[in-house]
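**Student:** Generate a structure from the sequence data that follows.
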Amino acid sequence: MGVNSNRVDHFDSHHPTIIRISNSDPPPPPPMEIHRVSLPPHRSTLRKLGHRLADVFFPDDPLHRFKNQTWFMKLLLALQYFFPIFQWAPHYGLKLLRSDAVSGLTIASLAIPQVSVLCSEIQSMCALFLETEYALFLKKGISYAKLANLPPIIGLYSSFVPPLVYSLLGSSRHLGVGPVSIASLVMGSMLSENVSFTSQPILYLKLAFTATFFAGLFQASLGILRLGFVIDFLSKATLVGFMAGAAIIVSLQQLKGLLGITHFTAKMQIIPWSWQTILLGFAFLAFLLATRHISLKKPKLFWVSAAAPLTSVIVSTILVFLLRDKAHGIAIIGNLPKGLNPPSTNMLYFNGPYLALAIKTGIVTGILSLTEGIAVGRTFAALKNYQVDGNKEMMAIGLMNIAGCCSSCYVTTGSFSRSAVNFNAGAQTAVSNIIMASAVLVTLLFLMPLFYYTPNVVLAAIIITAVIGLIDYQAAYKLWKVDKLDFLACLCSFFGVLFISVPLGLGIAVAISVFKILLHVSRPNTVVLGNLPGTQIFHNLNQYREALRVPSFLILAVESPIYFANSTYLQERILRWVREEEERIKANKESTLKCIILDMTAVTAIDTSGIDTLCELRKTLEKRSFQLVLTNPVGNVMEKLHQSKILDSFGMKGLYLTVGEAVADISMSWKA
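**Tutor:** Residues are numbered from 1 along each chain as shown. The predicted structure is shown next:
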């Protein structure tokens, strides 16, 4: 394996330090004490199981803050834990409110028209889109509510109640909550297979609300059961690829509005362009990019880019209103219905032949929306260097969907485009969601007519500006330099999201990450150790060129737990090390190999298959007149070795606390 072939001239059996014989050497130190390897304190099986479960499900020990506290403080701490708003609300000030107000109004100005912007044309375009090869891509750009075959106003309702609930329960500061295309499309396709939304609109609406209820129930249950560690498989590499792929998709989705394309023909031969729309769109896109560049160059002028989207909406609306007689080619939002969310508890469908369909649809859309929402939240949290609690996010998203299904809302989660706008507009806390929901409320009640002349092209320009800076090519290059498997996961996430779908892209990337973990566990690293001259330290010969081999010893370190998945491999790999060492010794005419020392410092766990492997390895080596010695097994490994009685077969010279003590004691016994 290309290990260092250096050796020593002599090994002092009274001390584990390797020395060279010369007339100038000082006298050897006194004999070193050989320490006994101790067992860990005895614990019952129930206590060990409880400790292990606590490590798995409660790694943060959420109850530690309640120790030695008064009942009032315990109540306050409980409120802060379940409602994160109580943590930052006491420190909330006018400066934060200013940033959140700007970002909240900005995403409101985006969210209000976005939900309804293309709804007026969807009915006439949908059939035509389905005939083209671009069907899947184009469907992503239309109204999210209509993707689910729901009335457009349902999408606007879903931008009012869920953000309010999330602002109380969520742990992300930048997540913009609302309907998303993936969940909308999946819900529409699954429900439409069994129920017609045209001939049975009431039943279809009931099933949509019921599916939302089960989605929320499933999501909240995952959080309550502390299964947030499942989301930890969304690695940084996966998020980098997801962010870039989603940014490109969102940007491409907005090209239709930016270029003023009113519709596509079935054969894609004639595309009606609107030069007024193109001129207006690129003018505002240039304005937004310029303000973003100014804020990046001069951070003190962050408010310039933060106020730019809202300014663009107001100015463009006034401009189109003034030129309404001349700018007929510019698509506008048009009439939007008024009214607050009506209650929908009486619409929930809990008894009938379609209940199984509602449950299945809810679980599938719940998984997809939860994955996307947490991925988006962690993406922007990573950019600002703070943590998003997976369990709290599950509970927050689940409870907001349960509340939403009772107020005429369908499945909602963290929206990438809204979150990007929210992030770039300077949001500091979840108050931005409250501001957005309040703006939606006021709009639903009073301001719908004011958006009549808002041009669709400005919304496209805002979204493109928000996501264009989220393609982190520098992070991708760093992944390539540091870890090729992480880079592969990043690429799979990127291309999967870009060409397949968000959940499948993330799923492929997670599968590669899991494969990486399995590869490390099933094929652990083993290295040959040598002694650093003048010390009692033994390290990898390849890593430390000054490390020297000890004559007649082969010292190996296993850098992984020993499980059933890798025990056979380890046995074969250790025997191969022995064969290669014998060949090296024969070629260099060195001292005969007598002892193999297995350093178990990094072996954090072992199972019965691993124990059996050690027994078989010892027997195999003994038949070849080799001695197998174990050093420094950790507590739980030592406990299992003791309980299995395997240590009896190793004898008095088979277990040591350190490699140095093992080499010294065994060398002294040979000399004796």
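
**Student:** any idea how far stretch 210-223 is from the chain center?
**Tutor:** Offset of stretch 210-223 from its chain centre (CA atoms, centre = their mean, to the nearest Å): 20 Å.

**Student:** i'd like the first residue to be 42 from this point on
**Tutor:** Sounds good: first residue 42 from here, last item stretch 251-264.

**Student:** How many residues are close by the nearest residue to N566 once chain neighbours are set aside?
**Tutor:** The shortest distance from N566 to any non-neighbouring residue, by CB to CB, 6 or more residues apart in numbering, is to E600 (4.5 Å). Using the backbone N, CA and C atoms, a C-beta is placed for each residue, glycine as well. Number of residues near E600 (other CB atoms under 10 Å) recorded here: 15.

**Student:** Mind pulling up the pLDDT for E600?
**Tutor:** On the pLDDT scale, E600 is placed at 89.

**Student:** just L485 next, same as before
**Tutor:** So, for L485, pLDDT stands at 82.

**Student:** Find the nearest non-adjacent residue to Y395, please.
**Tutor:** L248 (5.8 Å).

**Student:** hang on, that neighbour packs against L398?
**Tutor:** Yes: the pair L248 and L398 qualifies as a contact (CB atoms under 8 Å) at a distance of 6.6 Å.

**Student:** residue ranges with poor pLDDT in the stretch 292-441 of the chain?
**Tutor:** 294, 297-298, 301-315, 340, 343-344, 347, 368-369, 374, 377-378 (pLDDT under 70).

**Student:** ranges for the helices of it?
**Tutor:** Using DSSP state H, counting those that start in this stretch, the helices of the stretch 292-441 of the chain run over 296-299, 316-338, 343-363, 396-425, 431-446.

**Student:** For I75, find the nearest of those helices.
**Tutor:** Nearest to I75 among the helices of the stretch 292-441 of the chain is helix 431-446 (47.6 Å), distances taken as CB to CB.

**Student:** What is the burial count for Y245?
**Tutor:** As a burial measure, Y245 scores 21 neighbours (other CB under 10 Å).

**Student:** Next: the one 3 residues further on.
**Tutor:** Around L248 there are 27 other residues, counting by other CB under 10 Å.

**Student:** Hey, what's the angle from the helix or strand hosting T253 to helix 431-446? Just curious.
**Tutor:** Under the criterion of DSSP states H and E, T253 resides in helix 242-265. Interaxial angle of helix 242-265 relative to helix 431-446 (axes from the mean of the first three to the mean of the last three CA atoms, to 10 degrees): 160 degrees.

**Student:** for helix 242-265, which positions count as buried?
**Tutor:** For helix 242-265, a neighbour-count test (16 or more other CB atoms under 10 Å) marks 244-261, 263-264 as buried.

**Student:** same question, stretch 591-610
**Tutor:** 591-599, 601-604, 606-608.

**Student:** how far out from the middle of the chain is that stretch?
**Tutor:** 33 Å.

**Student:** Also stretch 281-298?
**Tutor:** 19 Å.

**Student:** do stretch 455-472 as well
**Tutor:** 18 Å.

**Student:** gap between the two ends of that stretch?
**Tutor:** 15 Å (CA to CA, to the nearest Å).

**Student:** Quick check, R614 in contact with V568.
**Tutor:** No: the criterion here is CB under 8 Å, and R614 misses it with V568 at 10.9 Å.

**Student:** okay, the two: which has more neighbours?
**Tutor:** V568 (20 against 17).
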